[in-house]
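# need a 3D model of the following:
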Amino acid sequence: MVQDIQLTGDDGADLPLTDSEMVFFERVLAGDAPATAYGAAYDIEGWAHGRVYRLAMRLRTSPKIEAALTLAKEAGAGTQRVTLANHLRELETIRDKATGLGNLAVAVRAEELRGKAAGIYIERHEHTVAIDPTAVLRKMAQVPALVPVARELAKANNIPWSTVEGKAIALRAD
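Numbers count the residues shown, from 1 in each chain. Below is the predicted model of the structure:
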């Protein structure tokens, strides 16, 4: 299906993809990040990641590749699903590019997001409310069955206890 895509320019002339462009195109269509696809299509051994990324993005946004990807997607090829592997790979590409450009804040953020996506980091939210223990003991003391429990809690927390007119009341500690 991919081999059958024929591109033509504005003047109607054919714009065939080179073998390397075809490899790049197929890898991008399969869901690879542009830099990864570029590495599969060209010999990039020893190249700086920033250079690879720039050239990959230049190729990815070239009219021939854009047209090929548009035609292929319209024909139903390369329907990309967001997968954990693709997501992690894309974040890794962002991290590497940011590192190459010296933008460590973006690199750290991309790495943090990779960790979250991989399940390494778990966000925990803690909500605390200040509670007056004597107010709780007063409420407990209003329920006759809870008076012994309230008395024990007051004792365990060094809160003085007294009984007034048959009702248990917890008093604030001085």
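# what is the longest helix of the chain by residue count?
Ranked by residue count under DSSP state H, the longest helix found in the chain is helix 84-100.
# return the helix or strand in the chain with minimum mean pLDDT.
Using mean pLDDT, DSSP states H and E, the weakest-scoring helix or strand in the chain turns out to be strand 167-170, at a mean of 46.
# right, and the helix or strand after the longest helix of the chain?
As assigned by DSSP states H and E, the chain's next helix or strand after helix 84-100 is helix 104-118.
# picking up where we left off before, what's in contact with the longest helix of the chain?
With Cβ atoms under 8 Å, 6 or more residues apart in numbering as the test, helix 84-100 has contacts from 31-36, 48-50, 53, 80, 104-107, 110-111, 113-114, 117-118. C-betas here are computed from N, CA, C, even on glycine.
# ok, now stretch 50-67?
Stretch 50-67 has contacts (Cβ under 8 Å, 6+ apart) with 7, 15, 17, 21, 24-25, 28, 33-35, 37-39, 42, 44, 93, 96-97, 100-101.
# of those, buried ones?
Among the contacts of stretch 50-67, those classed as buried by 16 or more other Cβ atoms under 10 Å are 7, 17, 21, 24-25, 28, 33-35, 37-39, 42, 44, 93, 96-97, 100.
# what segments of this structure are helices?
With DSSP H as the criterion, the chain has helices at 19-29, 34-41, 49-60, 63-74, 84-100, 104-118, 133-141, 147-156.
# kindly compare burial across these and name the winner.
Comparing the helices of the chain by mean neighbour count (mean count of other Cβ atoms under 10 Å), helix 34-41 comes out on top with a mean of 21.
# list the contacts for the residue sitting nearest the centre point of the chain?
What sits nearest the mean C-alpha location of the chain, by Cα atoms, centre = their mean, is residue 113, with 4.0 Å. Counting by Cβ under 8 Å, 6+ apart, residue 113 touches residue 91.
# how much space between it and residue 45?
Distance, residue 113 to residue 45, by Cβ to Cβ, to the nearest Å: 29 Å.
# and what of residue 51?
Per Cβ to Cβ, residue 51 is found 12 Å from residue 45.
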